[in-house]
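> 3D model of this:
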Amino acid sequence: MTVRTRADLAQLPLYVPGRTIEGAIKLASNEVSAGPLPSVVEAITAAATSVNRYPDSAGTALIAKLAGRLGVTTDEVAIAAGSVQLCQQLVQATCTTEDEMLHAWRSFEAYPLVAAVVGASSVQVPLTDGHDHDLDRMLAAITPATRLIFVCNPNNPTGNAIPGDRLRAFLDQVPAEIVVVLDEAYREFVTDESITDGMELLREQRAKGRDNVVVMRTFSKAYGLAGLRVGYLAGPAELVTALRKVYLPFSVNSVAQAAAIASLDAQDELATRCKEIAAERGRVTAALREAGFEVPDSEANFVYLPLGERTPAFNEHCLDHKVIVRAYATDGARVTIGTPAENDAFLAAALAFTG
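Prediction:
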């Protein structure tokens, strides 16, 4: 006898994380090589002594800290085990099998997966030839069934970011009943002043009487807490209440909450780290372009090489040189900015590629 599962799951691909190979340099998952901020390690160690107790499922202290930092009320903040879980909760809270979720493609690969889990339709709008969000085509793709729009800014995996004026014009034209999620997982690495902070856009839309913008971020990237899984968002209180109804109790553990709170108190360390990564991003980009590679402007902690059909060969070539990158079929390869030494190893491999 074979157990019965949902028939549509047979068509659902599994999420594929970045590879880990012993002895190789991993530049596939956009992790920060330096690890947690130094001042945060002490908080993690102290919190470990109380893991025999359940964590605060409501995340009271962390949410209060985030609300104060973001300039919103605690009713307008939600946390989860990474922004991926927030993505799934957002779909669960807004969509049914009759509804549509809209996003650019290629973008964060979890978007279509979480839509499929809920049974909603994933409407994918191709990026422009310059690897940017095609906001006009996204607006044109909105239908009466559209309930949720994800805008990954900077975009994963291409690194491009949308200037504030373009994003404002887009938000003004989206019907006010449709939730727009500004996924800012890489916001801390942005150096281009034309890229407007999502919280500013949220406040601007509220001033216009439109309360449909959500800003989503994570502690996994710049803060170096990928292994602890903490994501958060700010948005309409009504939506946050709905998210809490589909939240898995206790999913943000006590060590993660303590680390996140301590991370918010380490802004000077964070700024120094992000400045160093941005400088390395510029160095790697310049070297790749000088070698003849196309590299879109990146505002994240990674660069993207749109290699097309050459992608699999490039991936294997890097593996042969003990460097793990993230290959996307026959689209391109994403490469995390690591330490200077790790970046040098990648550049040596890339510059030797003749495929």
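> which stretches of this protein form strands?
25-26, 77-80, 100-105, 121-126, 146-152, 179-183, 213-218, 231-234, 302-305, 323-324, 326-328, 332-336 (DSSP state E).
> Pairing partners for the first one, with directions?
What that stands for is strand 25-26. The strands beside strand 25-26 in its sheet (DSSP bridges) come out as strand 323-324 (parallel).
> what sits against the residue nearest to the spatial centre of the chain?
Closest to where the C-alpha atoms of the chain average out (C-alpha atoms, centre = their mean) is A185, at 3.8 Å. Contact analysis of A185 by C-beta atoms under 8 Å, 6 or more residues apart in numbering lists 83, 108, 152, 156, 216-218, 220-221. (Each C-beta comes from the backbone N, C-alpha and C, glycine too.)
> what's the closest of these to V181?
Using C-beta to C-beta, the shortest approach to V181 within the contacts of A185 belongs to M216, at 5.6 Å.
> Before we move on, what's the pLDDT of L9?
L9 carries a pLDDT value of 66.
> Also V117?
pLDDT, V117: 89.
> doesn't Q85 make contact with it?
No - counting by C-beta atoms under 8 Å, V117 does not reach Q85; the two are 11.5 Å apart.
> Mind checking which of the two has more residues around it?
Counted by other C-beta atoms under 10 Å, V117 and Q85 do not tie: Q85 has more neighbours, with 22 against 16.
> coming back round to it: find residues that contact each of V117 and Q85.
What both V117 and Q85 touch, as defined by C-beta under 8 Å, 6+ apart, is an empty set.
> could you check the distance from the residue nearest to the centre of the chain over to S220?
7 Å (C-beta to C-beta, to the nearest Å).
> Would you mind listing the residues touching both of these two?
Shared contacts of A185 and S220 (C-beta under 8 Å, 6+ apart): S83.
> Residues in contact with stretch 133-148: which ones?
Outside stretch 133-148, the residues that touch it by C-beta under 8 Å, 6+ apart are 90-91, 94-95, 98-102, 104, 120-121, 123, 125-128, 149, 151, 153, 155, 160, 162, 166-167, 169-170, 173-175, 178-179, 181.
> picking that back up, out of the contacts of A185, which two sit at the greatest distance?
Greatest spatial distance in the contacts of A185: C152 and S220, 14.4 Å, computed using C-beta to C-beta.
> neighbour count winner among these two?
Per other C-beta under 10 Å, whichever of C152 and S220 has more neighbours is C152, with 26 against 22.
> Just confirm that one contacts R106, I think it does.
No - shown here, C152 and R106 do not form a contact pair, counting by C-beta under 8 Å, at 9.9 Å.
> before we move on, back to that, mind putting the contacts of A185 into TSV with pLDDT?
Converted to TSV, the contacts of A185 look like this (pLDDT from 0 to 100):
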residue	pLDDT
S83	96
F108	97
C152	98
N156	98
M216	98
R217	98
T218	98
S220	97
K221	97
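> Out of these, the closest to G231 would be?
Taking C-beta to C-beta as the measure, G231 sits nearest to S83 out of those, at 3.5 Å.
> shaky segments in the protein?
For the chain, applying pLDDT under 70 flags the ranges 1, 5, 9-20.
> Helices of that one, residue ranges please.
In the chain, the helices defined using DSSP state H lie at 38-47, 60-70, 83-94, 110-118, 135-140, 164-173, 198-207, 237-245, 254-264, 267-290, 311-320, 340-351.
> Nearest to G231 among the ones you listed would be which one?
Closest approach to G231 among these (C-beta to C-beta): helix 83-94, 3.5 Å.
> Which strands or helices does that closest one pack on?
If you count contacts as 3 or more C-beta pairs under 8 Å, 6 or more residues apart in numbering; DSSP states H and E, helix 83-94 packs onto strand 77-80, helix 110-118, strand 146-152, strand 179-183, strand 213-218, strand 231-234, helix 237-245.
> now the spatially closest residue to L182 that is not a sequence neighbour: how far from R289?
Leaving out its chain neighbours, the residue that sits closest to L182 by C-beta to C-beta, 6 or more residues apart in numbering is G198, at 4.0 Å. G198 is 29 Å from R289, where distance means C-beta to C-beta.
> Please apply the same query to A115.
Applying C-beta to C-beta, the value for A115 to R289 is 36 Å.
> residues in contact with the closest residue to L171 other than its chain neighbours?
Nearest residue to L171 in three dimensions, chain neighbours excluded: Q205, at 5.7 Å (C-beta to C-beta, 6+ apart). Q205 makes contact with 171, 211-213, according to C-beta under 8 Å, 6+ apart.
> just those now: which is nearest T241?
Nearest to T241 among those, with distances taken as C-beta to C-beta, is D211, at 13.3 Å.
> and the closest one, how many neighbours?
17.
> Roughly how far does it sit from G235?
8 Å.
> And Q257, by the same measure?
20 Å.
> got it, and V252?
Distance of V252 to G235, computed by C-beta to C-beta: 17 Å.
> With E98 instead?
Taken as C-beta to C-beta, the span from E98 to G235 is 23 Å.
> Between the two, tell me which one has more neighbours.
Of the pair E98 and G235, G235 is the one with more neighbours under other C-beta under 10 Å, namely 24 against 10.
> Who are the contact partners of the nearest residue to the more buried one once chain neighbours are set aside?
Of all residues not flanking G235 in the chain, V214 sits nearest, at 3.6 Å (C-beta to C-beta, 6+ apart). Listed by C-beta under 8 Å, 6+ apart, the contact set of V214 reads 90, 179-182, 202, 233-236, 239.
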